[in-house]
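# Here you go, sequence then predicted model.
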Amino acid sequence: MIRLNPTLDAGELGRRLADERRLQIRDFLVDEDAERVHAMLATQTPWWTAFNDGERVAQVSPDLAARLTREQVAEIQTSIQQRAQTQYQFLYDYYPLFAHYFMAEIPWLPLFEAYEWLNSEPTLAFFRQLTGRDDIRWADGQATLYRAG
């Protein structure tokens, strides 16, 4: 089971959030659980890739990425780098936890444990206290990987 760092004070963090309108929570998980989730992400996650081509957002599944030739990959990378010189450009890897968790045809991934933890009553209660929103009933989830460049 994934555990929230018990030293976190949701009330104090909530006051900071209200004052600053944004918040980064360091050491959110117990260290060993953070390391376990990191290992899941590093070794067991079938990453998708997202990038924009102007207004269009491309989402490349791991299966499609495996079928691309080296030339196709090089062409995509070159076009991304060229666009980044003159316009807004993004490129990142992701895994859609929320969408895939509920798809029967998707095999179980250890990372789904993180999605279940996000939606457990203790975690939702923490976020309700943090935000002051008693109407929070569930959490969406996506793992995101940003690489250098």
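That came in fine, so what should we check first?
# rest of the way, CA atoms for contacts and neighbours
OK.
# Work out for me the element the residue sitting furthest away from the middle of the chain sits within.
Centroid-distance maximum for the chain: E71 at 29.1 Å, with C-alpha atoms, centre = their mean. Assigned by DSSP states H and E, E71 falls within helix 70-86.
# Remind me what that helix packs against, helices and strands.
Here helix 70-86 touches strand 48-53, going by 3 or more C-alpha pairs under 8 Å, 6 or more residues apart in numbering; DSSP states H and E.
# what are the pairing partners of the helix or strand just after the strand it packs on, and which direction each?
Using DSSP H and E, the helix or strand that directly follows strand 48-53 along the chain is strand 56-60. Paired strands of strand 56-60, with direction, are strand 48-53 (antiparallel) (DSSP bridges).
# now the helices for this protein?
10-20, 31-44, 62-67, 70-86, 97-101, 112-118, 121-131 (DSSP state H).
# how big is the angle separating the fourth one from strand 48-53?
Inter-element angle recorded for helix 70-86 and strand 48-53: 50 degrees (by axes from the mean of the first three to the mean of the last three C-alpha atoms, to 10 degrees).
# Provide the contact partners of helix 70-86 at residue level.
Contacts with helix 70-86, where a contact means C-alpha atoms under 8 Å, 6 or more residues apart in numbering, come from F51, D53, Q89, F90, L91.
# just the third one next, same as before
Taking contacts as C-alpha under 8 Å, 6+ apart, the residues outside helix 62-67 that touch it are P46, W47, W48, T49.
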